[in-house]
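S.K.: structure for the following, please:
(one chain, ligands or ions: 2)
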Amino acid sequence: MARIIAVANQKGGVGKTTTAVNLAAALAAAKRKVLLVDLDPQGNATMASGISKRDHRPNGCDVLLEEATVAEAIVATDAHYDLLPGNGDLTAAELKLMDALAREHRLKEQLAKVTGDYDTILIDCPPSLNLLTLNALTAANGVLIPVQCEYFALEGLSSLLETIKAVRQRLNPTLEVEGLLRTMYDVRNNLGNEVSAQLTQHFGDKVLRSIIPRNVRLAEAPSHGQPIHLYDRSSRGAIAYVGLAGEMIRRERNQAAAGAAADAAT
Ligand code: ADP
Ligand code: MG
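M.R.: Numbers count the residues shown, from 1 in each chain. Ligands and ions are numbered 1, 2, ... in the order given. Take a look at the predicted model:
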């Protein structure tokens, strides 16, 4: 059964898409079966995966409106993960869903049909706490929160954490914070170090050990339609995402072992 992870933060430009795409590629390179769901109408994760967002094929919109299944809409990418493409049609899907019954559960219901086919399903969320993001948080087991270590980073986090709390109460009681990921980190920047220290103080071991550095190769890769793993695998950015994939795999194993030990004790 796949673990479903929503990459979310309502702040734009914090590294959600970069993380979703490059983590998908790094996990796939570690022989994990990965599905990346592009739930942002901007379709950035789709393009960064080397897939045109203008192709006339079923996409995430059709899946949310139950006009296609995930299996019909997915495409294989060069970096060996599957992609459920997204584009501007998702905005129309969101509007149409507003009136639907159990409108927050659509993605969960659709993904349930393929969870047996994957180890990890990553969802790249749009930069707002809208119905699309609620669908992602309802479907997910965990939320991965990219945080850019700058002055207003913590401010936005509280409303995201409130939303996660509300989703837990109303829609998805077992939703966990998978971790906070420091992105675009620059060691020469004192403010970054300060914010990083504050994050650790507030959130303890929810702050992931892996840190994604600011790296120009990461910013260049999307315009070539390639995850960093294909574009420049020896770059600092590529190495950082390989490290993140390793950390996620280790955490999952530790959790599974802890779960098994708890079962054995009862
Ligand atoms: P979001 O999906 O949260 O809006 P993106 O992943 O699209 O954020 O990142 C915003 C911009 O910053 C993009 O142009 C991206 O290429 C760039 N970027 C993201 N992460 C890094 C990084 N670690 N180093 C340099 N540039 C980055
Ligand atoms: Mg994005």
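S.K.: going by C-alpha atoms from here, please, whenever you check contacts or count neighbours.
M.R.: Noted.
S.K.: so is the residue lying closest to residue 69 once chain neighbours are set aside in a helix, a strand, or just coil?
M.R.: When the adjacent residues along the chain are set aside, residue 69 lies closest to residue 63, with 5.5 Å between them (Cα to Cα, 6 or more residues apart in numbering). Following DSSP: H, G, I helix; E, B strand; the rest coil, we place residue 63 in the helix state.
S.K.: with the one 3 residues further on instead?
M.R.: For residue 66, the reduced secondary structure class is coil; criterion used: three-state DSSP.
S.K.: cool, and residue 240?
M.R.: Taken by three-state DSSP, the conformation at residue 240 corresponds to helix.
S.K.: still on that earlier bit, any idea how far the residue nearest to residue 69 is from residue 38?
M.R.: With distances taken as Cα to Cα, to the nearest Å, residue 63 is found 12 Å from residue 38.
S.K.: more crowded one of these two?
M.R.: Taking neighbours as other Cα atoms under 10 Å, residue 63 and residue 38 compare with residue 38 leading, 28 against 22.
S.K.: now the strands for the chain?
M.R.: Using DSSP state E, the strands of the chain run over 3-7, 34-38, 75-76, 82-84, 120-124, 142-148, 176-185, 207-213.
S.K.: looking at the ones you listed, which is closest to ligand 1?
M.R.: For the strands of the chain, proximity to ligand 1 was assessed by Cα to the nearest ligand atom; strand 176-185 is nearest, at 3.9 Å.
S.K.: with just CA atoms, put that closest one into PDB.
M.R.: Coordinates of each C-alpha in strand 176-185 appear next as PDB, following Å, rounded to 0.1, in the frame of the first residue of the first chain:
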ATOM      1  CA  GLU A 176       0.300  13.400  10.200                       C
ATOM      2  CA  VAL A 177       2.900  16.100   9.600                       C
ATOM      3  CA  GLU A 178       5.500  14.200   7.700                       C
ATOM      4  CA  GLY A 179       8.100  16.800   8.300                       C
ATOM      5  CA  LEU A 180       9.200  20.400   7.700                       C
ATOM      6  CA  LEU A 181      11.800  20.700   4.900                       C
ATOM      7  CA  ARG A 182      14.200  23.600   4.900                       C
ATOM      8  CA  THR A 183      14.600  24.700   1.200                       C
ATOM      9  CA  MET A 184      16.700  27.200  -0.700                       C
ATOM     10  CA  TYR A 185      19.000  27.300   2.300                       C
END
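S.K.: and that strand, is it in reach of ligand 1?
M.R.: Yes - for strand 176-185 and ligand 1, the contact criterion (Cα under 6 Å from any ligand atom) is met by 183-184.
S.K.: report the buried residues of that strand.
M.R.: For strand 176-185, the neighbour count (16 or more other Cα atoms under 10 Å) marks 176-185 as buried.
S.K.: got those as a markdown table, with pLDDT columns?
M.R.: Output for the buried residues of strand 176-185, formatted as a markdown table (pLDDT from 0 to 100):
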| residue | pLDDT |
| --- | --- |
| 176 | 95 |
| 177 | 96 |
| 178 | 95 |
| 179 | 96 |
| 180 | 97 |
| 181 | 97 |
| 182 | 96 |
| 183 | 96 |
| 184 | 95 |
| 185 | 94 |
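S.K.: of the strands of the chain, which approaches residue 14 most closely?
M.R.: strand 142-148 (5.3 Å; Cα to Cα).
S.K.: in its sheet, what does that closest one sit against?
M.R.: Here strand 142-148 has these sheet partners by DSSP bridges: strand 3-7 (parallel), strand 176-185 (parallel).
S.K.: up against ligand 1, what does the chain have?
M.R.: 12-18, 183-184, 212-216, 218-219.
S.K.: among those residues, which are located in helices?
M.R.: Judged by DSSP state H, the subset of those located in helices is 16-18, 216, 218-219.
S.K.: burial measure for residue 152, as a count.
M.R.: With other Cα under 10 Å as criterion, residue 152 counts 11.
S.K.: per-residue pLDDT, it?
M.R.: For residue 152, the pLDDT comes out at 77.
S.K.: swap in the one 3 residues further on?
M.R.: Confidence at residue 155, expressed as pLDDT, is 80.
S.K.: please identify which of the strands paired with strand 142-148 is closest to residue 95.
M.R.: strand 3-7 (21.0 Å).
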